[in-house]
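1. Take this sequence and fold it.
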Amino acid sequence: MTLPPPPGGYLDQPGYPPPVSPRTNSLAIASVVCAFLFAPLGIVFGHMSLSQIKRSGEQGRGLAMAGLIIGYVLTVVTIIAVIVALVFSVIAVRYTIEELDDAMFPKSETSTATAAPTLPNPPTSGGALPAFRPPADLGANCQYPATHETAARPAAPPRTGQVPTDPATVSASVSTDRGNIGLQLANGRAPCTVNNFASLAQQGYFDGTPCHRLTTGSLSMLQCGDPAGTGTGGPGYSFADEYPVNQLDEQALSNPVVYPRGTLAMANAGSDTNGSQFFMVYQDSLLPPTYTVFGTVDQTGLATLDKIAADGVEGGGADGKPATPVTITSARLD
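-> This next block holds a predicted model:
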């Protein structure tokens, strides 16, 4: 038996028509997806989605919150990762530069680093410079071949061939804006080196040039002779090592010795690469005996060096430009 429909029809009964569920907000979905692809965009979409859901009553609040949380977490992680990478990059670059610049002593005219490495654990004492034994060919054939580097200041090479070894010492004077530095050049021990220094001095090569480097500690010296003031400038030629290098075998050359206070020596970039740069030791210093000693600094000069050293290194370090600039006004033989 078929019953008649209720008054008003079935459409008036509870459950008819079935309720329509609110749709899911599209920006909430986009927020979650973008949070993984590009976290900041996921954050933006998440906030926009929450605002729309509040107005429209749409579903998707959970998705929007998930997109926000994921977006913020990934953004923070990314920022931290970038900062850590930058810090490690700066440290790596810094130590690479320092290794290139500071791993060698002293700096020279043909390289930003010299042939003698910094002693990783400097000994507290070392042997003395060897006794001088005149080589049979001392001063017999001084040569000054051209280098590939452009001269920092034009200079004519010294005379070549045989040079005199008498007198044994030659007086010279280096005047600076910080005081006078008197020198006794060891012509009887390093005649080719003295010949070079005398030639450059007489040409005015050192006039108006800076003493570009001061060091403290196990190596205590003032380095001059580079017109460029960078530690890489020279006269455009080089010459061979002399005392103490010509007194020692290969094994002995690797053992540090004391270069005593008042020593005048040549800076170099390795074997037989002397040019114009020289250094003056103001406190006993440990170095491999690979730097030609060609004289001594007198008491007046040591007083000037002490005054320069007392001002320290620029920036407070142990190796760099003097804190108070030093300029050679003239250098001549007496």
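2. what's the neighbour count on Phe88?
-> Using other C-beta atoms under 10 Å, Phe88 has 10 other residues around it. (C-beta placed from N, C-alpha, C; glycine too.)
3. need the helices for the stretch 1-150 of the chain, in chain order.
-> 26-37, 39-56, 61-102 (DSSP state H, counting those that start in this stretch).
4. so which of the ones you listed gets nearest Gly231?
-> helix 61-102 (8.9 Å; C-beta to C-beta).
5. Need the helices of the stretch 1-150 of the chain in a markdown table (columns: mean pLDDT and distance to Asp207).
-> Shown next, in a markdown table, are the helices of the stretch 1-150 of the chain (pLDDT from 0 to 100; distance: least, C-beta to C-beta, whole Å):
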| stretch | mean pLDDT | distance to Asp207 |
| --- | --- | --- |
| helix 26-37 | 75 | 67 |
| helix 39-56 | 77 | 62 |
| helix 61-102 | 73 | 28 |
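6. Turn those into TSV, columns for distance to Asp319.
-> Output for the helices of the stretch 1-150 of the chain, formatted as TSV (distance: least, C-beta to C-beta, whole Å):
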stretch	distance to Asp319
helix 26-37	51
helix 39-56	46
helix 61-102	6
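7. of all these, which lies closest to Lys321?
-> Across these, closest to Lys321 is helix 61-102 (C-beta to C-beta), at 12.6 Å.
8. In terms of helices and strands, where is the closest residue to His212 other than its chain neighbours?
-> Spatial nearest neighbour of His212, chain neighbours left out: Gly229 (4.7 Å); criterion: C-beta to C-beta, 6 or more residues apart in numbering. Of the helices and strands defined by DSSP states H and E, none includes Gly229.
9. Contacts only, for Gly229.
-> 209-210, 212 (C-beta atoms under 8 Å, 6 or more residues apart in numbering).
10. ok, the residues you listed vs Val82, which is closest?
-> Out of the contacts of Gly229, the member with the shortest distance to Val82 (by C-beta to C-beta) is His212, at 38.4 Å.
11. correct me, but the closest one touches Pro227?
-> No - counting by C-beta atoms under 8 Å, His212 sits too far from Pro227 to count as a contact (9.8 Å).
12. which intervals of the chain have sub-threshold pLDDT?
-> 1-21, 28, 31, 35, 49, 64, 67, 90, 92-125 (pLDDT under 70).
13. And Gly127, how far from Tyr291?
-> As judged by C-beta to C-beta, to the nearest Å, Gly127 and Tyr291 stand 15 Å apart.
14. out of those two, which sits in the more crowded spot?
-> Tyr291 (26 against 12).
15. Now name the helix or strand holding the residue nearest to that one when sequence neighbours are not counted.
-> Nearest residue to Tyr291, sequence neighbours excluded (C-beta to C-beta, 6+ apart): Ala265, at 4.5 Å. Assigned by DSSP H and E, Ala265 belongs to strand 263-266.
16. Show me how far that strand is from its chain's centre.
-> 24 Å (C-alpha atoms, centre = their mean, to the nearest Å).
17. What pairs with the helix or strand following that strand, parallel or antiparallel?
-> Once the chain leaves strand 263-266, the next helix or strand it forms, by DSSP H and E, is strand 278-283. Here strand 278-283 is paired, per DSSP bridges, with strand 220-224 (antiparallel), strand 263-266 (antiparallel).
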